[in-house]
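Enquirer: Quick one, structure for this:
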Amino acid sequence: MDTRFADMVKDAFKLAAKIVNNNSDAHDVIQDAATIALNHEKAPKLDADNFKPWFYRVVRNRSIDKLRSIQREQKQAASNEEEAIDNISSQAAHTLNPEYQLVKQQQHTALNQALISISVQQREIVLLKDYHDFSYLQIAEILDIAPGSVMSRLHRSRNALKEALLKQVKEDKHHDEH
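Expert: Numbers count the residues shown, from 1 in each chain. I've put the predicted structure just below:
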């Protein structure tokens with residue numbers, strides 16, 4: 001298998017896992033999407049510039065299909081992907097001081113919980129832009145929306161994420177006071 005495609009599949013898995021909030025379901029999504037990408041007669045060629053956005057659109061659509069087949073928006077914050085990210089973070093942080101590590105871990109957990117608390121549509125646009133670094137045009141193609149809508153949706157989604165984070169901070173403060 002082409003290493004560029006293998007790397008793309010690994011990155012796309014992160015998107016699928018965040019959308020469906022379950023690694024097992026994300027593996028199913030990625031397997032379906034990869035099968036489509038490699039066998040679909042109208043798929044762009046692997047080395048074409050438009051292949052990656054097209055593939056992410058397939059992953060996104062398969063993720064939404066998977067969500068429709070399972071219970072809507074599960075509220076489980078911990079997942080195997082978070083543990084993998086935490087393991088990578090902790091391996092890199094061995095030389096850092098423990099206080100810094102704790103703060104980073106708390107920030108990571110808070111951000112993941114906030115991402116899970118916003119709608120799937122808000123989550124996916126934030127993930128595509130801020131985690132996967134797609135351009136506005138690529139995001140429009142992946143989400144099948146007008147390019148002009150990307151910026152406003154992204155702005156609203158980031159505001160929802162900010163509100164979710166602020167709510168968590170208030171709840172944590174309230175919990176610490178009691």
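Enquirer: and the closest residue to L165 other than its chain neighbours, what does it touch?
Expert: Using CB to CB, 6 or more residues apart in numbering and skipping residues adjacent in sequence, the residue nearest L165 is A114, 4.6 Å away. Every residue, glycine included, has its C-beta placed from N, CA and C. By CB atoms under 8 Å, 6 or more residues apart in numbering, the residues touching A114 are L161, A164, L165, Q168.
Enquirer: just to confirm, which helix or strand has the third one in it?
Expert: Right, the one you point to is L165. Take DSSP states H and E as the rule and L165 turns out to sit in helix 147-177.
Enquirer: Measure how far that helix is from the centre of its chain, please.
Expert: Here helix 147-177 is found 16 Å from its chain centre; the criterion is CA atoms, centre = their mean, to the nearest Å.
Enquirer: For it, could you pull out the residues that count as buried?
Expert: For helix 147-177, burial by neighbour count (16 or more other CB atoms under 10 Å) applies to V150, R153, L154, S157, R158, A160, L161, A164, L165, Q168.
Enquirer: Any chance of TSV for the residues you listed, columns distance to A17 and pLDDT?
Expert: Listed next are the buried residues of helix 147-177 as TSV, based on distance: CB to CB, whole Å; pLDDT from 0 to 100:
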residue	distance to A17	pLDDT
V150	22	93
R153	21	95
L154	21	94
S157	18	94
R158	21	94
A160	20	95
L161	17	92
A164	19	92
L165	20	89
Q168	21	81
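Enquirer: Please tabulate the residues you listed in CSV, including the columns distance to S69.
Expert: Below are the buried residues of helix 147-177 laid out as CSV (distance: CB to CB, whole Å):
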residue, distance to S69
V150, 27
R153, 25
L154, 27
S157, 24
R158, 29
A160, 25
L161, 26
A164, 26
L165, 30
Q168, 30
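Enquirer: For those residues, work out which two are farthest apart.
Expert: Farthest apart among the buried residues of helix 147-177 by CB to CB are V150 and Q168. That separation is 26.6 Å.
Enquirer: Could you list the low-pLDDT ranges of the protein?
Expert: Regions of the chain meeting the criterion pLDDT under 70 cover residues 1, 70-97, 174-178.
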